[in-house]
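K.L.:
next input, structure requested:
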Amino acid sequence: MNLGKLKVVALLTAAMVVTISLHAQTADGPANLPQRDGSHDFDFLIGDWKAHVRRLPDRLNKSNAWVEYDGISNHHKLLDSNANFEEFDVTSTDKKLRIKAQTLRLYNPTSRQWSIYLVDLDNGTLDVPPVVGGFTGNRGEFFHQEQLKGRTILVRYVWLNISPKSSRMEQSYSPDGGKTWEVNWICELSR
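P.N.:
Numbers count the residues shown, from 1 in each chain. This is a model prediction of the structure:
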């Protein structure tokens, strides 16, 4: 083989290697794309907040009778990790209703997703399965299924309007597999 043909073969081989490596990094090979580390997605939440809640008690019945609450939502990291724990305490504006709640958020580095567990310290229970998901930019979406009035529904938590001084979390239910959503809980946090 002469030197000219050898250069052409070497050039073609190099081009094929580059083409194959670029192809492996496209949507055809998403497992080869760099994975986003979401382990710090809830860092914005750490600290003490004022909480204003609007809650729709009668869900999936086309109700629009909201109850409003005010109180606190305090978030702390656990054992110098990315896991965090929330203490939540709000009272209705008429002082007749109170919601005390705790939330445990755990990050799974393998799945790169957060699991959000509701903790009932008064009854010694942990809601399972957790609400699971993650963030894309400044929006977090988390999902699970539960039973309501004898039927399985989808539950979605959405975190949005995130800043150092404020954020918003909405809970929605879907009775039709995610085609439509009814927002039934809006929590606005401020510092």
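K.L.:
name the residues that touch the helix or strand where residue 53 lies?
P.N.:
In the assignment (DSSP states H and E), residue 53 maps to strand 47-55. With C-beta atoms under 8 Å, 6 or more residues apart in numbering as the test, strand 47-55 has contacts from 66-75, 88, 90, 99, 184-191. (C-beta placed from N, C-alpha, C; glycine too.)
K.L.:
tell me the pLDDT at residue 160?
P.N.:
Per-residue confidence (pLDDT) for residue 160: 96.
K.L.:
buried residues of the strand holding residue 53, list them for me.
P.N.:
By 16 or more other C-beta atoms under 10 Å, the buried positions in strand 47-55 come out as 49, 51, 52, 53, 55.
K.L.:
relative to residue 162, which of those residues is nearest.
P.N.:
Sorting the buried residues of strand 47-55 by distance to residue 162 puts residue 49 at the head of the list, at 12.2 Å, by C-beta to C-beta.
K.L.:
which residues in this protein form helices?
P.N.:
Counting by DSSP state H, the chain has these helices, from start to end: 3-24.
K.L.:
that one: strands as residue ranges?
P.N.:
47-55, 67-77, 84-92, 98-108, 113-120, 125-126, 131-136, 139-148, 151-160, 166-174, 182-190 (DSSP state E).
K.L.:
for the last one, give the mean pLDDT please.
P.N.:
Spelled out, it's strand 182-190. Rounded mean pLDDT across strand 182-190 is 98.
K.L.:
partners of it, with directions?
P.N.:
strand 47-55 (antiparallel), strand 166-174 (antiparallel) (DSSP bridges).
K.L.:
quick one: the first one to strand 98-108, angle?
P.N.:
When you say that, I think you mean strand 47-55. 120 degrees (axes from the mean of the first three to the mean of the last three C-alpha atoms, to 10 degrees).
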